[in-house]
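*Asks:* Structure, please.
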Amino acid sequence: MTVTKILGIDFETANECRSSACSVGLCVIDCLSGNVLQKKHLFIKPVPENFDEFNVMIHGITPDMVKDAPDFSGILPEIAALIDDETIVVAHNSAFDMGVLRSACEWFSLQLPNMNLVCTRVLSRVLLPGLASYSLTDVADACGLGEFEHHAADADAEICARILLHFLRTSGAADLEDMLKQCFVRLGTVKSGEYVSCRRKKNASYRSHREDLDAFAESIDLSDCEDNPFLGMTCVFTGKLQSMVRAEAEKLVIKRGGQIGERINADTNFLICGYQDPRVLKGKAKSKKLLSAEKLAAKGQDIQILNEDEFVKML
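*Replies:* Numbers count the residues shown, from 1 in each chain. Next up, the predicted model:
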């Protein structure tokens, strides 16, 4: 799957009905340059037409602002025109936005446009572990993307696209497909009217990863590892590595006869520390794994704490 463009999409609704879209934000970003290719904010006459006070308080859109707007049947062609085989559609909490799209299409007996899609909320739970909140504003802040006009649909659409672009550039993955595989996230799709949501694969995040590592370990010839410092040692990782993705680092340890631990305990021999991002750690300077390792070392356990440079030199 070749992806050259990201289409951020964000709906606002008039009331509790998912079909009641009253505006949509659309923003197309070029994956290579990061430039905005198109950006739109479109008002929509909602169905049903009543506006809930709570919704108005959130997004500020009133009945007068949409009285001359087209209904959803007049808007869908503009959305569909921005989607092609090289475009990935992205939303934050895509279950909501796709629910609006599907419900509005059903109301007007319209065919859903074919697309591939991802959810930045789903991805951020994997790529930004430990955040206190995974709201759009908090995720954007953790990515260092600055302030934006939240609940202005076009601004929300652009920040969704920029979050995905940030993940693609910083995750260490080769491409979108590789990133989704590493995160154990299923690509969302719409094909011939059939919708498949973007979500974490069931029971995949740890068990599937361990199965992959175990299978990799069985394929390794350890005859040349006799003098390697990781031979027979249990290694645990914490923080974000800069020179490689964690999955690659874990396999390098296994190739040298080591084992990968999930948490710090009496069997841990090495803790390899990547960047300790204070935004991810909620302002704290050290992760729980690093604090645990320091406590065990202070009590006399033979556990070595390595930074990334030290780890790479020992490989």
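
*Asks:* Residue 50 contacts residue 14, correct?
*Replies:* Yes. Look at residue 50 against residue 14 with C-beta atoms under 8 Å: they come within range, at 6.8 Å. Heads up, the C-betas are built off the backbone N, CA and C, glycines and all.

*Asks:* Which stretches in the protein count as helices?
*Replies:* 53-59, 63-66, 72-80, 94-107, 120-127, 136-142, 153-170, 176-183, 207-218, 246-255, 288-298, 308-314 (DSSP state H).

*Asks:* Between residue 50 and residue 14, which is the more surrounded one?
*Replies:* A count of neighbours by other C-beta atoms under 10 Å puts residue 14 above the other of residue 50 and residue 14, at 26 against 13.

*Asks:* pLDDT score assigned to the nearest residue to residue 76 once chain neighbours are set aside?
*Replies:* Excluding its sequence neighbours, the residue lying closest to residue 76 (C-beta to C-beta, 6 or more residues apart in numbering) is residue 110, at 5.7 Å. Reported pLDDT at residue 110 in the predicted model: 97.

*Asks:* now for the helices of the chain, which one comes closest to residue 271?
*Replies:* Taking C-beta to C-beta, helix 288-298 is the member of the helices of the chain nearest to residue 271, at 4.3 Å.

*Asks:* Provide the contact partners of the closest one at residue level.
*Replies:* 236, 238-239, 263-264, 266, 268, 271, 273, 276, 286, 303, 305 (C-beta atoms under 8 Å, 6 or more residues apart in numbering).

*Asks:* Please repeat the previous calculation with a cut-off of 10 Å.
*Replies:* 130, 236-239, 261-266, 268, 270-273, 276, 281, 284-287, 301-305 (C-beta atoms under 10 Å, 6 or more residues apart in numbering).

*Asks:* In strands, which of those fall?
*Replies:* Members of the contacts of helix 288-298 lying in strands (criterion: DSSP state E): 236, 237, 238, 270, 271, 272, 273, 304, 305.

*Asks:* Tell me the buried residues within these.
*Replies:* When the ones in strands among the contacts of helix 288-298 are checked for burial by 16 or more other C-beta atoms under 10 Å, the buried set is 236, 237, 238, 270, 271, 272, 273, 304.

*Asks:* how close does the closest residue to residue 25 other than its chain neighbours get to residue 61?
*Replies:* In space, residue 25 comes closest to residue 153 once its chain neighbours are excluded; the distance is 3.0 Å by C-beta to C-beta, 6+ apart. Residue 153 sits 9 Å away from residue 61, going by C-beta to C-beta, to the nearest Å.

*Asks:* try residue 213
*Replies:* For residue 213, the distance to residue 61 - C-beta to C-beta - is 50 Å.
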